[in-house]
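S.K.: return a 3D structure for these sequence lines:
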Amino acid sequence: MNIETVIFFSIDSLRADCAPYQKQPFLEPKLPRLWTPTLRHLMYHASCFTNVYSSAVFTPPAHATLFTGAYQPDHHVREFYYRGQTLNPKLPTLAEFFKKQGFATCAFTDMAHLFSALGLLRGFDQVSNKDSAFFHHMTTWKRSKRFIFIHLLDVHTPYLFSLSDLYVDNNDYYKRITREIRNHGGHAPRGIGHPDPYVLWNTFVQLPTVQSSQSRLLPLYIEGVNKFDKGRLRIFLDQLNQHTNGEKTVMFLFSDHGEGQASHLSPTLFRHGPHLADDVLHIPLMISSPSFRQTRNNQLLSLRDVYDLTRVLLETPTQEAVDAYQNPDRFIYAESFEYRKSGLFTNPDRAYAYEVRDRQKTDYYLYERVIRTPQNKLTVWFRPELFFGSDTRFRSLKKAKKNLKTMCSAYPIKTSLLLRLLLIVIALCSSRWKKAWTWFIRRRLSPMFRYEPIKDGSVNELFGAMLRINHVRNWPKDLSLLQMMLS
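M.R.: Next up is the predicted model:
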C-alpha cells in the first residue's frame, strides 16, 4: 500500500470502554444505550488496541507526548502553562517529520489558542479552529501526500454541547441541561437567547444534589458520545472521504485521555484529573485503512507509542507491521501536576482558570506519577526524592518549609502550626530525620506509594525507571525509601 494521507483523529475525553471493540462494564440497564455506528464501521477495517494508556489526564501534555514521542520531563509541557514552558524546541514533532517526507501538514483543533501558545502546532502549514474554514480549505487540497491532525471537544464537558459552527444543533443541550437544573431544584440562568453554555453547565454540576457525581453525569456523557458519533464525527469523516484518496489513507483514531474518577479521595467525582485513575488514563486506539481487516492487539502501549507506530507504518506500510509493534521500553509512564494557589492547600476552582496571564504566574507541584508494566503498577504521590534523598541541599530551613508545604498541599490534612514547626526543626537538626518524615506521612497522609501487585524485586525496578524518566540524580540511593514505606 502506498500511503498518501495520514489522519490523526483525537477525540478529547473519549473513554476506552466507549470503543465498540472494548468491554463496557460501566453500562447498566438504567443508563442510556451506547450506540456508535460510525466508530463501529471504522472498527471493521482497523487494528484495534485494547491496552493503551495516556501519559497525562490533561490535554496539553498528552498531545505533546503524541507529537514528540517523549514523556513530560523531556518535552516540557507538564501542565497548561507550567512556568511558562512550551514544547521543547530540541525535539522534532511529527508534523516536522512529515514535512521532511514531502507531506503537506494541516491541523484542526477546538483549542487552537492553547495549542498555539504551547508550541504544539509547530510544523503545521495550515491551522483551523472552525468547521466551515476547515472544510473550505479541503476544497483547495490537491491530490498529494498530506498529514492531517483533527482534535474535537464534543465528548468533553459540557456533555451534549458541540463547538461546531456547521450542521450540529445545540438546542438539545440547552433544553436538557435546563430541565436537569430544574429537576434538581436549581434555577437556570435567564436572558435573551441561549445562556452561555459553560455558565449553564457549571450551574448544573455545582448543585448540591449533583456535585459532578458519576451517577448524575455518566448518562449525559453517554448521550454526548452517541450524539457526537452520529453527528460531528460522521460529518468530518464524510468531508475527508470526499477530498482524500481513501484507498491510500491511514487513520489513527484515539483520545488524549478518558473521563472518570478525578480524585482518589472522592471516588464518585466524574471528570478528569489530577488523579491518574485507570478509567481516565485508559484510552482507545484504532488504526484504520480500507485494506485492513479487523484485528485486536493486547500489547501494553502508551500514547507515546503512536509516534513510533506512525514511523513504522511509513517505512513498512502493512497491517502486519502495525500488529507486530511492541513497546521498546517494556513499561509506560504517566504524571499529573496540580495547581497550588498559595499557602498550604489547593483551590480546585482555580485549577481551571482561563486566563493565560494568570496561569503563567501560578505555581504547580508534581501531584502523582504512575509507571506500569503488563504485570505491575506503581503509583507515587508528590516527590519523595525531595524528602528522602541524600542531597544535603534539602537540609535547609527554606527547603524543608517548601517541601512540607508541597506535601501538605496535596491532601486536606489537619496539622497544627506548632507540629509543622516541630517537624521542620526535626528535619534540620536530627541525624535520623528520615524517620520523622516517615512518621508524619504514615500518620497524617494517605500512603505515598501504592504498588499493585507486590512482587519481590519489581518495586525497585519500576521506581528506578520512574526516577530516570524525571532525571533524578543518585536515584539508587532513594530506593531504600520504598522498602521503608511498603514494609
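S.K.: beta partners of the nearest residue in space to S144 that is not next to it in sequence?
M.R.: Among residues not flanking S144 along the chain, A104 sits closest, at 6.1 Å (C-beta to C-beta, 6 or more residues apart in numbering). In short, each C-beta sits where N, CA and C put it, glycine included. A104 has the following beta-bridge partners by DSSP bridges: R146.
S.K.: which ones are touching A104?
M.R.: D125, Q126, W141, S144, K145, R146, F147 (C-beta atoms under 8 Å, 6 or more residues apart in numbering).
S.K.: want to throw those residues into CSV with pLDDT?
M.R.: Below are the contacts of A104 laid out as CSV (pLDDT from 0 to 100):
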residue, pLDDT
D125, 95
Q126, 94
W141, 88
S144, 80
K145, 92
R146, 96
F147, 98
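S.K.: L207 touches R182, doesn't it?
M.R.: No - counting by C-beta atoms under 8 Å, L207 stays clear of R182, with 10.4 Å between them.
S.K.: quick one: which of the two has more around it?
M.R.: Shown here are L207 and R182; by other C-beta atoms under 10 Å, L207 has more neighbours (17 against 11).
S.K.: residue contacts, that one?
M.R.: I181, H184, G185, G186.
S.K.: most neighbours of all those residues, which one?
M.R.: Among these, the one with the most neighbours (other C-beta under 10 Å) is I181, at 20 neighbours.
S.K.: check which residues of the helix or strand hosting T310 are buried.
M.R.: Using DSSP states H and E, T310 maps to helix 305-315. By neighbour count with 16 or more other C-beta atoms under 10 Å, helix 305-315 contains the buried residues D305, V306, Y307, D308, L309, T310, V312, L313, L314.
S.K.: let me know the next secondary structure element after that helix.
M.R.: The helix or strand immediately downstream of helix 305-315 is helix 319-323, counting by DSSP H and E.
S.K.: which strands or helices does that next one pack on?
M.R.: In terms of contacts (3 or more C-beta pairs under 8 Å, 6 or more residues apart in numbering; DSSP states H and E), helix 319-323 is packed against strand 46-53, strand 295-297, helix 305-315.
S.K.: now these in CSV, with mean pLDDT and distance to Q72?
M.R.: Shown next, in CSV, are the helices and strands packed on helix 319-323 (pLDDT from 0 to 100; distance: least, C-beta to C-beta, whole Å):
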stretch, mean pLDDT, distance to Q72
strand 46-53, 97, 14
strand 295-297, 96, 25
helix 305-315, 96, 14
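S.K.: distance of the residue nearest to the spatial centre of the chain from G260?
M.R.: The C-alpha lying nearest the average C-alpha coordinate of the chain belongs to V57 (C-alpha atoms, centre = their mean; 2.8 Å). V57 sits 9 Å away from G260, going by C-beta to C-beta, to the nearest Å.
S.K.: overlap of the contact sets of these two?
M.R.: Shared contacts of V57 and G260, defined by C-beta under 8 Å, 6+ apart, comprise H272, A277, V280.
S.K.: inside strands: which ones of those residues?
M.R.: Secondary structure from DSSP state E places none of the shared contacts of V57 and G260 in strands.
S.K.: would you turn those residues into a markdown table with neighbour count, distance to T109 and pLDDT?
M.R.: As requested, the shared contacts of V57 and G260 are exported to a markdown table (neighbours: other C-beta atoms under 10 Å; distance: C-beta to C-beta, whole Å; pLDDT from 0 to 100):
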| residue | neighbour count | distance to T109 | pLDDT |
| --- | --- | --- | --- |
| H272 | 27 | 18 | 90 |
| A277 | 22 | 25 | 91 |
| V280 | 28 | 21 | 96 |
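S.K.: what is the nearest of those to M43?
M.R.: For the shared contacts of V57 and G260, the residue nearest M43 by C-beta to C-beta is V280; the value is 22.5 Å.
S.K.: buried residues in stretch 222-238?
M.R.: Of the residues in stretch 222-238, 222-229, 231-237 count as buried by neighbour count, 16+ other C-beta under 10 Å.
S.K.: now do the nearest residue to A46 once chain neighbours are set aside against L313, distance only.
M.R.: Leaving aside its chain neighbours, A46 sits nearest to S288 (3.8 Å; criterion: C-beta to C-beta, 6+ apart). The gap separating S288 from L313 is 12 Å, by C-beta to C-beta.
S.K.: since that was my last question, I'll sign off now.
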